[in-house]
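I'll drop the sequence and a predicted model, then ask my questions.
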Amino acid sequence: MSPLSVKPTTSASSPGMKVICVGLGRTGTLSLTEALKKLGYQPYHYIDFGHHEQWSNVADGQKDSLESILDQIEKERYNAILENPASDVYQDILRKYPTAKVILTVRDDPQAFVRSWKLLFDTMVITEQKFSWHFPSFLGYIPLFSNLRKIRYFMGTTHLGLPPGALTHTWRDNPDCDEWLAEQYVRHNEHVIQTVPKEQLLVFNVKEGWAPLCEFLGKPLMPKTVQFPHSTVNNAASLKRLKSYFLVIVYGWIPIVVMGTASCLYFRNEVWMISSRLLRFLFPSKSTT
């Protein structure tokens, strides 16, 4: 049994995982998260940052680590799970919850995925770089960001069989990186389609709206007045803003430290001058003119 192997859930009283979204990030998973909430589910998207150590253990391949975090997620009453790193271990999750419905979120075409994926990781890499005089960042030393880096390096290493970091970092070294990333996207989707029983799988583009999703989940069709959510929390514009914020954090402390140091030196000099004058006033010189 591999370190990531899990045991099937057998307790009838356990709510378990009802929905497993196995689409890669940047395929509408956050919009689907909001839609599932409206349909009465409690979705777990990406990772809860409070669980970053547990998911880091999964990335390290520690024994029973996946079983542990899935049990924790279930204990916290989540019943749907979406996106990486869950999509990297979707076969193990499905083995634990064999009756769960599986949704594969897709984009209009592989190129749309590639553009969005590259933008995301060009932003996230800022949080991972270690301090240097050219990039004076301390973010990479924060345990949360350090563990998130480890989790990202784990992505693509399971059924895609890629080297650690290839899908999230070293694709930049490939002269045909767009074509290569598109290929991994297609490979992942094909793996899911070939692995999950047809009757248990919905291949879903969030642009299709409520009808196919509600039918697949056995839910009443949402009223026409309720629009399908299309999240803007991490769209291209918001990611660009986030990148700017990270850069402000990286470089912004420098003028603060410089100004703070200058202020300390200035006030220290002022205090010394005032103290000197006070001492001369209290203890005037006894020399005569």
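Received the coordinates, thanks. Numbering: from 1, shown residues only.

spatially central residue in the protein, please.
By CA atoms, centre = their mean, the mean C-alpha position of the chain lies nearest to Tyr46, the distance being 5.5 Å.

what's the burial count for the residue nearest to Asp108 when sequence neighbours are not counted?
Counting by CB to CB, 6 or more residues apart in numbering, Asp108 lies nearest to Asn205, which is 6.9 Å off, once chain neighbours are set aside. (Glycine included, C-beta is placed from N, CA and C.) By other CB atoms under 10 Å, 15 other residues sit near Asn205.

picking up where we left off before, how about the contacts made by the residue nearest to the centre of the chain?
Contacts here follow CB atoms under 8 Å, 6 or more residues apart in numbering; on that basis Tyr46 touches 25, 29, 82-84.

so who does the residue nearest to Asp108 touch?
By CB under 8 Å, 6+ apart, the neighbours of Asn205 are 28, 105-108.

let me have the residues you listed in TSV, extended by pLDDT, secondary structure and neighbour count.
Shown next, in TSV, are the contacts of Asn205 (pLDDT from 0 to 100; DSSP: H, G, I helix; E, B strand; the rest coil; neighbours: other CB atoms under 10 Å):
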residue	pLDDT	secondary structure	neighbour count
Gly28	95	coil	25
Thr105	98	strand	25
Val106	98	coil	21
Arg107	97	coil	22
Asp108	96	coil	9
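
which pair of these spans the longest distance?
Greatest spatial distance in the contacts of Asn205: Thr105 and Asp108, 11.8 Å, computed using CB to CB.

which of the contacts of Tyr46 fall within helices?
Among these, the members found in helices (DSSP state H) are Thr29.

related to what we said a few turns ago, looking at the contacts of Asn205, spot the one nearest Tyr90.
Distances from Tyr90 to the contacts of Asn205, taken by CB to CB, are shortest for Thr105, at 12.2 Å.

once you drop chain neighbours, what's closest to that closest one?
Gly23 is the one closest to Thr105 (CB to CB, 6+ apart), at 3.1 Å.

one more: Arg149?
Of all residues not flanking Arg149 in the chain, Glu128 sits nearest, at 4.5 Å (CB to CB, 6+ apart).

state the distance from Val203 to Leu32.
13 Å (CB to CB, to the nearest Å).

please disregard the earlier target; I meant Phe216.
According to CB to CB, Phe216 stands 12 Å off from Leu32.

where along this protein do the helices fall?
Going by DSSP H, the chain shows helices at 29-38, 52-60, 65-75, 90-96, 110-124, 143-154, 177-195, 210-217, 236-282.

worst mean pLDDT among those helices?
Set side by side, the helices of the chain give their lowest mean pLDDT on helix 236-282, at a mean of 54.

count the neighbours of Lys219 for me.
By other CB under 10 Å, neighbour count at Lys219 equals 15.

oops, could you answer that again for Lys198 instead?
Counted with other CB under 10 Å, the neighbours of Lys198 add up to 6.

so what's it scoring on pLDDT?
97.

so which bits of stretch 151-170 are buried?
151-159, 162, 164-169 (16 or more other CB atoms under 10 Å).

and stretch 34-44, by the same measure?
Neighbour-count burial for stretch 34-44 [16+ other CB under 10 Å]: 34-36, 39, 41, 43-44.

also stretch 215-222?
216-217, 222.

okay, those in TSV with distance to Gly209 next?
Shown next, in TSV, are the buried residues of stretch 215-222 (distance: CB to CB, whole Å):
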residue	distance to Gly209
Phe216	13
Leu217	14
Met222	9
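
ok, Thr158 touching Ser87?
No - contact criterion CB atoms under 8 Å: Thr158 and Ser87 do not qualify, at 9.3 Å.

residues touching the residue nearest to Gln54 when sequence neighbours are not counted, list them.
Spatially, and ignoring its direct neighbours in sequence, Gln54 is nearest to Ile69 (4.2 Å; CB to CB, 6+ apart). Applying CB under 8 Å, 6+ apart to Ile69 gives the contacts 51, 54-55, 57-58.

by neighbours, which of those residues wins?
Neighbour max across the contacts of Ile69 (other CB under 10 Å) = Val58, 26 neighbours.

and the nearest residue to it once chain neighbours are set aside, how far is that from His51?
Closest residue in space to Val58, ignoring its immediate chain neighbours: Ser65 at 4.6 Å, by CB to CB, 6+ apart. Between Ser65 and His51 the distance is 11 Å, computed by CB to CB.
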